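Asks: quick one, structure for this:
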Amino acid sequence: MKQLRNHVIRAGLGALYLTGAHHLLRPIFAGIGAIFMLHHVRPRRDGEFQPNRHLEVAPEFLRAMLSHLRSRGVDIITMDELHRRLTERDFSRRFACFTFDDGYRNNRDFALPVMREFEAPFTVYVASDFAQGVGHLWWIALEMVIARASSVETEIGGVATRLDTSTPAAKQAAFDRLHDWLRALPGRHDLAREIGALCTRHGVDEAAICRELCMSFDELKRFADDPLIGIGAHSVTHCNLASQPAEVAGQEMAMSRKRIEDVLQRPVVHLAYPYGDRIAAGHREFALAKTAGFNTAVTTRPGMLFPESAEHLTALPRVSLNGNYQDERILPVLTSGAATAMWNGFRRVDAA
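Replies: Residues are numbered from 1 along each chain as shown. Alright, predicted model coming up:
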């Protein structure tokens, strides 16, 4: 099903480009700017089974987007400057912000050199457990489990289940099912328990994944000294905040912020909700982020920014630079707002 959705989205982006419809929609839906969302930036990997491919783009695709924005005279600004422009209603020039979730080491090794070429600032949202080397990058652990297994056995909803993982197609189907099951588990500890059991059963060192892929706090201190870098909070454990009691969700936000501030000795006033979609961040989380003192908070809901976005600073949408669609032809489609408008039903603001 997810593969079919990817094909449909790819076809839709291509149709918008080939028909030129994005030119017609740009004046209506381009808005005043956009916040771009990324995770990994690194060279393309070989291998047919890459279920997390959507979370990574190649450095040359990032470079192409930056070049495209510069060619159109778009200001590339910090989240602090975005907050200023929205609150002061300074909409004289179109702008873009670049944001990277989780705190991966490749943000330093591959993204930063590209951003330096364009003197483009960007914000990295850090899950503090990841920086401490104790977090659960469970979606990557799940990929590793399935990649090395010919079958996977677990208990789903109290029913013993065996999933075939002997071919790339079977692996993808198993990943999709297990991913959705794990993400829907109600508590932080439930997910940690289940992915931990899968890793133990299949010989995957889950603890090593975080240390291998994410910058430590020592690395983040040096990284954050670069004037192009801003650091934001991304919760403590990277849990689904909406599925937690309000007290726990608030602590996830506030404690993540405090840990990062204590290490970096600088204010942390911007937040990204883990997962960030409708089932992970809603009205309650938007209010909690405001109460916690964040100036802005970003979701993963697709959308451009409009003057009305100033009324929803803790419910800001983003435009995903998705690894499944690394075609330079779609860049003007993405910046036109046509794709996100079609995705969210042509609403200018989606903060409900």
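
Asks: how many residues are close by residue 301?
Replies: 22 (other C-beta atoms under 10 Å). The way it works is simple: take the backbone N, C-alpha and C, and place the C-beta from them, glycine included.

Asks: and for the one 4 residues further on?
Replies: Counted with other C-beta under 10 Å, residues neighbouring residue 305 total 29.

Asks: beta-bridge partners for residue 125, please?
Replies: residue 101, residue 232 (DSSP bridges).

Asks: wait, what's in contact with the residue lying closest to residue 134 once chain neighbours are set aside?
Replies: Among residues not flanking residue 134 along the chain, residue 210 sits closest, at 6.9 Å (C-beta to C-beta, 6 or more residues apart in numbering). Listed by C-beta atoms under 8 Å, 6 or more residues apart in numbering, the contact partners of residue 210 are 129, 130, 133, 134, 135, 136, 137.

Asks: can I get those in a markdown table with secondary structure and pLDDT?
Replies: As requested, the contacts of residue 210 are exported to a markdown table (DSSP: H, G, I helix; E, B strand; the rest coil; pLDDT from 0 to 100):
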| residue | secondary structure | pLDDT |
| --- | --- | --- |
| 129 | helix | 97 |
| 130 | helix | 97 |
| 133 | coil | 95 |
| 134 | coil | 94 |
| 135 | coil | 93 |
| 136 | coil | 92 |
| 137 | coil | 96 |
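
Asks: for ChimeraX, what selects the buried ones among those?
Replies: Listed next is the ChimeraX selection for buried residues among the contacts of residue 210, using 16 or more other C-beta atoms under 10 Å:
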select :129,130,135,136,137
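
Asks: could you dump the contacts of residue 210 to TSV with distance to residue 236?
Replies: Output for the contacts of residue 210, formatted as TSV (distance: C-beta to C-beta, whole Å):
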residue	distance to residue 236
129	5
130	9
133	13
134	10
135	9
136	11
137	14
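
Asks: return the member of the contacts of residue 210 nearest to residue 349.
Replies: The closest of the contacts of residue 210 to residue 349 turns out to be residue 130 (C-beta to C-beta; 30.9 Å).

Asks: so what's that closest one closest to, chain neighbours aside?
Replies: Of all residues not flanking residue 130 in the chain, residue 214 sits nearest, at 4.3 Å (C-beta to C-beta, 6+ apart).

Asks: and that neighbour, how far from residue 126?
Replies: 8 Å (C-beta to C-beta, to the nearest Å).
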